[in-house]
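Student: Everything below, folded, please.
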Amino acid sequence: MKLLTLNTHSWIEEKPLEKLEAIKEQLLADPYDVISLQEVNQSMDAEEAEVDSFFNAPNQGTVIKKDNFAFLLQQELKKNGLEYYWSWVPSHIGYDQYDEGIAILTRFKVINTRGILLSRKDDYTDYHTRKALEVRFQANDRNYFVYGLHLSWWQDETESYPFLYEWNKLVEAWETEAQKGGCILLMGDFNNPAHIEKEGYSVVSKHPLLKDAYLDATVKNGSHTVEKKIDGWENNSDLLRIDYIFVSANLSVDSYETVFDGRKTPVVSDHFGVGVRLE
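Tutor: The predicted model follows:
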C-alpha cells in the first residue's frame, strides 16, 4: 500500500493551476493508494459544485465549491482513468477568502468518514480552529482508519500548548480502534519539528501503538519537508521535518521518500510531500 501526504498550499501558491497539473501528472505516473492533503482551499464565494458518488461527506451540510482544490484534482484524475473516493472537511477561513480544510483520497471504497474538532477553539473565523478528517476503509481483510491532519504549533501567542490539547483529542478518536487491531494511519502537517526534544514530535513518537514511518523504513530517500521561511515559520532557518506519516506498530514500512521536492518531482508547494510504501 502506497501513502502520500502533502500540504498543498493550494490557491496561495504562485501559478496554482500549473502546480495542480503537476500533481495530477505525477499521480498518474506513480499512483498512491491513500493521499492526505492539507490547506485544501475553495473560494467562499464560488459556485457550488455537483459532486459524484465518489465523494463522501464527513458532516451533514458539507458544501463543495467548483474551485475546491481536491475536487478539481479528483475530477482530473478520474478523466484520465484513475478513480479515487474522497472526502474533505473545512476547519476555518483561510486568508480571509477561502474555506480551508483537509482532504483524503483513497482507491479503496470508503466505509465511513467524519470530521473531528481537535482544538479548544470552535470558531470558523479563527485559524486556530483545527479539525481532523477520519476516513475508514477495508483492505486485505483489515480495517484501516486514516486521519488527515493539520495541527497547531507546540506553543503560540493565544493559548498554552495547543498541539498537546489537539493530540490528546486525536488519541481519543483512534486509540480504541488500534487496541482492537485496527490499522491507524496519521498523515499530515504536524507543525512540530522532529529535531526539537520534549515537544510535539516527542509526544507522538513515544506512543506505544504508533511508529514514525521515516524511522521504520528499510529504504530512505530524503527526510526534511521544509527548507525555508514559510507561513507559520517566518523566522525559520533550519531544515524541518514537520510533515509525517505515523502508522500502527503492527504495520511494516518498506520505504520512505520526500516527493515534490525538486529532485525527481517538481516543487508544487512550500512543503515537500512524503511518500511511504507499506510492506
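Student: From now on I want contacts and neighbour counts done on CA atoms only, so please keep to that.
Tutor: OK.
Student: which residues in the stretch 101-250 of the chain form strands?
Tutor: With DSSP state E, counting those that start in this stretch as the criterion, the stretch 101-250 of the chain has strands at 110-117, 131-139, 142-150, 183-189, 210-212, 219-221, 243-248.
Student: Report all helices and strands that the second one contacts.
Tutor: For strand 131-139, the elements it packs on are strand 85-94, strand 98-106, strand 110-117, strand 142-150, judged by 3 or more CA pairs under 8 Å, 6 or more residues apart in numbering; DSSP states H and E.
Student: when you compare where the longest helix along the chain runs with where strand 131-139 runs, what's the angle?
Tutor: For the chain, the longest helix by residue count, based on DSSP state H, is helix 162-179. Going by axes from the mean of the first three to the mean of the last three CA atoms, to 10 degrees, helix 162-179 is angled at 20 degrees with respect to strand 131-139.
Student: before we move on, back to that, any idea which of the helices and strands packed on strand 131-139 gets closest to residue 35?
Tutor: Nearest of those to residue 35, taken as CA to CA: strand 98-106 at 5.0 Å.
Student: Alpha carbons only: can I get the closest one in CSV?
Tutor: Extracted in CSV, the C-alpha atoms of strand 98-106 (Å, rounded to 0.1, in the frame of the first residue of the first chain):
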residue,chain,number,x,y,z
TYR,A,98,-11.2,30.6,1.5
ASP,A,99,-12.8,27.7,3.2
GLU,A,100,-9.6,25.9,4.3
GLY,A,101,-9.6,22.3,5.0
ILE,A,102,-8.2,18.7,4.7
ALA,A,103,-8.9,16.2,2.0
ILE,A,104,-8.3,12.4,1.9
LEU,A,105,-8.3,10.5,-1.4
THR,A,106,-8.3,6.7,-1.5
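Student: Residues contacting that strand from elsewhere in the structure, which ones?
Tutor: Residues outside strand 98-106 that contact it (CA atoms under 8 Å, 6 or more residues apart in numbering) are 33-44, 70, 74, 84-94, 132-133, 135, 148-150.
Student: Buried members of those into ChimeraX, please.
Tutor: Selecting only the buried entries of the contacts of strand 98-106 in ChimeraX, with 16 or more other CA atoms under 10 Å as the criterion:
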select :34,35,36,37,38,39,40,41,42,43,44,70,74,84,85,86,87,88,89,90,91,92,93,94,132,133,135,148,149,150
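Student: ok, and the closest non-adjacent residue to residue 200?
Tutor: residue 192 (5.5 Å; CA to CA, 6 or more residues apart in numbering).
Student: now do residue 32
Tutor: Closest residue to residue 32 apart from its sequence neighbours, by CA to CA, 6+ apart: residue 2 at 5.0 Å.
Student: Pull the contacting residues for the one you found.
Tutor: 31-34, 275-278.
Student: Which two among the residues you listed are spaced furthest apart?
Tutor: Comparing all pairs in these by CA to CA, the longest separation belongs to 31 and 278, at 14.1 Å.
Student: hmm, back to that, so what's the residue count around the residue nearest to residue 200?
Tutor: Residues lying near residue 192 (other CA atoms under 10 Å) number 22.
Student: same thing with residue 252?
Tutor: 16.
Student: need the contact list for it.
Tutor: Residue 252 neighbours (CA under 8 Å, 6+ apart): 216-217, 278-279.
Student: same thing but 6 Å
Tutor: Each residue near residue 252 by CA atoms under 6 Å, 6 or more residues apart in numbering is listed here: 278-279.
Student: Helix, strand, or coil at residue 17?
Tutor: Using DSSP: H, G, I helix; E, B strand; the rest coil, the structure places residue 17 in helix.
Student: Could you check how far it is from residue 146?
Tutor: 27 Å (CA to CA, to the nearest Å).
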